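> predicted model and sequence follow; I will ask about them next.
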Amino acid sequence: MRRLRFALLVILLTFLLTSVSCSPARTHRTRVKRVVGGRNALRGELPYQVLITNKKTDQICGGSLIHHSFVLTARHCAEKERWKHLEIEAGLVCTSERLGVPRRNVLKAYFHEKKQNKMNADYHFQADIALLKLNVPFARNYIGIEPVSLRQDVGYHGEDCIVSGWGATKENGTTVTRLKVTEIEAFPRKKCKGLYHKFSGDLMCAGRLEGGRDACQGDSGGPLVCEGKLTGIVKNGISCGHKDYPGKYTEVAHYADWIANIIQKSASGQTRQYSTEAWNWTKND
């Protein structure tokens with residue numbers, strides 16, 4: 001009888017970990033970039049994905065856990081003192097089922113010294129990137145929470161990429177309760193420049209030329225992961241999932257040294273060195 005109960009418990013836990021059905025919850029209408037043409041993400045499939053909520057405005061963004069104490073997101077999600085009102089949740093799949101989900105506040109926000117480039121009223125930044133230091137680190141033994149490695153080679157292009165988030169599934173839609181993910185392609189820079197009239201030096205573009213797969217409202221700041229490495233940060237594009245207009249992303253490799261230097265200085269006084277490979281420390285503890 002005990003063996004039968006144990007077997008049933010294992011089956012139940014496996015079901016809960018791999019299949020999630022989110023209960024209905026309040027959705028958010030937002031102006032900030034969700035995944036179009038995506039599928040439901042499984043528990044533990046995207047352990048680096050975090051949800052960033054502005055407790056003052058209820059606006060949401062995505063982000064990437066790159067270190068147990070640091071999250072990478074878009075600058076426009078955190079600038080102008082917004083970071084003081086942000087709450088970070090990790091290991092989350094359904095926003096309607098938050099019981100037991102670890103939450104953190106932001107202790108400090110770092111912005112690159114490049115200035116905002118206001119091309120028009122839309123979100124056009126040079127260095128649309130922010131590094132958020134958490135008030136309390138995420139423990140390494142949390143199940144389903146793990147940082148992602150950073151890509152360091154500039155100019156990546158290829159078909160093995162995914163973008164994820166809780167954003168809208170259609171243009172001008174509302175955010176959803178279930179984390180979505182979709183497979184897209186990162187295009188060569190020359191191709192991106194040909195598609196967009198204005199395309200700054202730290203950008204890349206990714207999606208499908210035929211349209212139908214893209215990030216959208218609510219996904220800003222979220223991860224573009226290619227071949228297992230964080231390659232881009234969701235920025236903005238023209239609408240969502242339109243033909244010949246793949247999404248714009250800040251290319252992480254341009255800022256890999258800047259990120260590593262901040263984290264290394266933050267750990268000063270400790271006998272360990274940060275690497276852009278997640279959890280890879282040279283240590284003497």
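Yep, it's here.
> CA only for contacts and neighbour counts going forward, please
Fine.
> setting the sequence-adjacent residues aside, check what's closest to residue 73.
Leaving aside its sequence neighbours, residue 73 sits nearest to residue 221 (Cα to Cα, 6 or more residues apart in numbering; 4.1 Å).
> how many residues are close by the one you found?
34 (other Cα atoms under 10 Å).
> hang on, it packs against residue 74?
Yes. Counting by Cα atoms under 8 Å, residue 74 is a contact partner of residue 221 at 4.1 Å.
> between the two, what contacts are shared?
Listed as contacting both residue 221 and residue 74 by Cα atoms under 8 Å, 6 or more residues apart in numbering are 63, 129, 233, 234, 235.
> burial count for residue 99?
Close neighbours of residue 99, defined as other Cα under 10 Å, add up to 8.
> for it, give me phi and psi.
phi -60, psi 120 (degrees, to the nearest 10).
> with residue 83 instead?
Reported as degrees, to the nearest 10, the phi and psi values for residue 83 are phi -60, psi -20.
> check residue 262 too.
phi -60, psi -50.
> can you check the pLDDT for it?
Residue 262 carries a pLDDT value of 96.
> kindly report the same for the one 5 residues further on.
Confidence at residue 267, expressed as pLDDT, is 76.
> swap in residue 273?
For residue 273, pLDDT reads 54.
> try residue 61
As predicted, residue 61 sits at a pLDDT of 94.
> now do the contacts for the residue nearest to residue 73.
Contacts for residue 221 were tallied using Cα under 8 Å, 6+ apart; they are 61, 62, 63, 72, 73, 74, 75, 77, 129, 233, 234, 235.
> same thing but at 7 Å, please
61, 62, 63, 73, 74, 77, 233, 234, 235 (Cα atoms under 7 Å, 6 or more residues apart in numbering).
> do the same with residue 144
By Cα under 7 Å, 6+ apart, the neighbours of residue 144 are 44, 47, 91.
> which non-adjacent residue is nearest it?
What sits nearest to residue 144 in space, not counting adjacent residues and going by Cα to Cα, 6+ apart, is residue 44, at 4.6 Å.
> for the strand or helix carrying residue 133, buried residues please.
Residue 133 is part of strand 130-134, with elements assigned from DSSP states H and E. By neighbour count on 16 or more other Cα atoms under 10 Å, the buried set for strand 130-134 is 130, 131, 132, 133, 134.
> next, give phi and psi for the residue nearest to residue 144.
Taking degrees, to the nearest 10, you get phi 80, psi 0 for the backbone angles of residue 44.
> and it, how many residues sit next to it?
Counted with other Cα under 10 Å, residue 44 comes out at 17.
> check it and give its pLDDT.
We have a pLDDT of 92 for residue 44.
> any idea how far it lies from residue 81?
From residue 44 across to residue 81, the span is 32 Å (Cα to Cα, to the nearest Å).
> helix/strand/coil for the nearest residue to residue 211 once chain neighbours are set aside?
With Cα to Cα, 6+ apart as the criterion, residue 211 has its nearest non-adjacent residue at 4.1 Å, and that residue is residue 243. Put simply, residue 243 is coil when judged by DSSP: H, G, I helix; E, B strand; the rest coil.
> what's the pLDDT at residue 243?
pLDDT for residue 243: 87.
> what's it in contact with, if anything?
Residues in contact with residue 243 (Cα under 7 Å, 6+ apart) are 209, 210, 211.
> now do the helices in this structure.
Along the chain, the segments classed as helices by DSSP state H run 2-18, 189-195, 256-266.
> quick one: buried residues of the shortest one?
When neighbours are counted by 16+ other Cα under 10 Å, the buried residues of helix 189-195 are found to be 189, 192, 193.
> could you give me the average pLDDT of that helix?
Mean pLDDT, helix 189-195: 93.
> isn't residue 163 up against residue 224?
Yes. Using Cα atoms under 7 Å, residue 163 is in contact with residue 224, at 4.7 Å.
> picking up where we left off before, now the residue nearest to residue 73: how far from residue 211?
Relative to residue 211, and taking Cα to Cα, residue 221 is found at 21 Å.
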